[in-house]
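Engineer: any chance you could fold what I've pasted below:
(chains A, B, C and D)
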2 protein chains.
Amino acid sequence: MLQVKDIPNAEILQKFADRYPQTDIKNVMTFLNLLRVGSDLSLGLNSYLAEYDLLQGRWWVLLLLMREDNLSSTPSALAEKAGVSRATMTGLLDGLLRDKLISRVHGRQDRRQILIRMTVLGQAKLDDLMPGYYQRVNQLMQALSETETTQLMSLLKKVYQRRHVFEDESHLK
Amino acid sequence: MLQVKDIPNAEILQKFADRYPQTDIKNVMTFLNLLRVGSDLSLGLNSYLAEYDLLQGRWWVLLLLMREDNLSSTPSALAEKAGVSRATMTGLLDGLLRDKLISRVHGRQDRRQILIRMTVLGQAKLDDLMPGYYQRVNQLMQALSETETTQLMSLLKKVYQRRHVFEDESHLK
DNA sequence: AGCTTATAGTTAGCCAACTAACTATGTCAA
DNA sequence: TTGACATAGTTAGTTGGCTAACTATAAGCT
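Structural biologist: Numbering: from 1, shown residues only, chains lettered A, B, ... in the order given. Here you go, the predicted model:
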């Protein structure tokens, strides 16, 4: 994602507002800040995971497997839950297999399916990194009080519900 | 970036919390929501820009040039402001040049430098897409009242100031 | 049974980010 | 003034997303 390092200040936005009268400066600044916080946290998370030879994609796959009672799932189901294409999931699983964090087993009933299972090594990897992850999330969120965290959640949810405005013309009046 | 489609619910997080006692479920959920809102908005923005044969990287370069009085800057300065590597900027500028949205001119004084200038076509492209962009940002932010927007801004800023917790061991106590 | 269509996974090729290494030019201090 | 270091931009190679097309298998009509 774009790393929005340098959000325009009010003066610069005013220049744009003169050229494009629809501009609501406050809205734009809030929007850009949302993008920036998201991308910065995402990059930060990646840099933490990289210490364990993972990135978000493969880490998330391990977490999805950990959720399952038998530590197993199929590539399609994982792709769906992780929000990536099946092709991308193939690549992620290739990487996890190379590091022996998962194993591939052919399904019994449906011979098209493959069963992905997290290995002991995969579990050990998660056990290794998750405490530090939670510790850092806590550190981060200590920026806010309990009440503020609740507020932030609620505000994010409201924005999230409108996320389709960019994609779909029908949301414009 | 990871598309966190499926944020774990409280029950699943509880399972993780049993395994990793540091877990603060509320903090994790808020963190994941921040990531998700950011990535969704980013993908949405990309899909809007794609209608105009742009993505965030090249669009942001055009915006940076538009801010300049003479519509010009250098690749290094642009890389710095956009928060990408100089190598990435070379690639973005290649793309913009291919579509004739910018021009490259050799600098006078420092013969290492190259001057990038937005063309008339580049300005026309921005003039074409920016109104729709602002319109959509407004649509999005109408999810919140004026007061809520102010609140959100302030909460985001507090979180943003702690963004380095993932990168730098020294921020942990 | 035999088409047609749908689903699971992989492969190939594209894109835009990255780092490392390279060329060319500039700067500065002994 | 020249040798060491710094800066500007590009190139090469890697990564992890994507779509489109492919193979194999399954399911459902008629």
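
Engineer: from here on, just use CA atoms for contacts and neighbour counts.
Structural biologist: Fine.

Engineer: just give me the neighbour total for residue A:105.
Structural biologist: By other C-alpha atoms under 10 Å in any protein chain shown, 13 other residues sit near residue A:105.

Engineer: right, I mislabeled it, should have said residue A:15
Structural biologist: Around residue A:15 there are 12 residues (other C-alpha under 10 Å).

Engineer: can you tell me the SS state at the residue lying closest to residue A:42 once chain neighbours are set aside?
Structural biologist: Leaving aside its chain neighbours, residue A:42 sits nearest to residue B:35 (6.5 Å; criterion: C-alpha to C-alpha, 6 or more residues apart in numbering or on different chains). Secondary structure, DSSP: H, G, I helix; E, B strand; the rest coil: residue B:35 is helix.

Engineer: how close does residue B:35 get to residue B:110?
Structural biologist: 42 Å (C-alpha to C-alpha, to the nearest Å).

Engineer: likewise residue A:155?
Structural biologist: Taken as C-alpha to C-alpha, the span from residue A:155 to residue B:110 is 49 Å.

Engineer: so between residue B:35 and residue B:110, which is more surrounded?
Structural biologist: residue B:35 (24 against 8).

Engineer: would you agree that one is in contact with residue A:41?
Structural biologist: Yes. Look at residue B:35 against residue A:41 with C-alpha atoms under 8 Å: they come within range, at 7.0 Å.

Engineer: so which elements touch whichever helix or strand residue A:139 is part of?
Structural biologist: Using DSSP states H and E, residue A:139 maps to helix A:120-141. If contacts are counted by 3 or more C-alpha pairs under 8 Å, 6 or more residues apart in numbering or on different chains; DSSP states H and E, helix A:120-141 sits against helix A:56-67, helix B:25-50.

Engineer: show me what the shortest one is in contact with.
Structural biologist: When you say that, I think you mean helix A:56-67. A:45-46, A:49, A:71-73, A:78, A:81-82, A:92-93, A:95-96, A:117-118, A:122-123, A:126, B:1-2, B:12, B:15 (C-alpha atoms under 8 Å, 6 or more residues apart in numbering or on different chains).

Engineer: quick one: secondary structure of residue A:92?
Structural biologist: helix.

Engineer: for it, which non-adjacent residue is spatially closest?
Structural biologist: residue A:58 (5.7 Å).

Engineer: residue A:103 - that's part of a strand, no?
Structural biologist: Yes. Assigned with three-state DSSP, residue A:103 falls within a strand.

Engineer: tell me the secondary structure for the nearest residue to it once chain neighbours are set aside?
Structural biologist: Spatial nearest neighbour of residue A:103, excluding adjacent residues (C-alpha to C-alpha, 6+ apart): residue A:117 at 5.3 Å. For residue A:117, the secondary structure call by three-state DSSP comes out as strand.

Engineer: list the contacts of residue A:117.
Structural biologist: Residue A:117 touches A:65, A:70-73, A:102-105, counting by C-alpha under 8 Å, 6+ apart.

Engineer: show me where chain A dips below the pLDDT cut-off.
Structural biologist: Scanning chain A for pLDDT under 70 picks out the ranges A:1-5, A:107-108, A:168-173.

Engineer: close to DNA strand D: what parts of it are there?
Structural biologist: Contacts of chain A with DNA strand D, taken as C-alpha under 7 Å from any atom of the strand, map to A:54-58, A:83-89, A:91-92, A:95, A:109-112.
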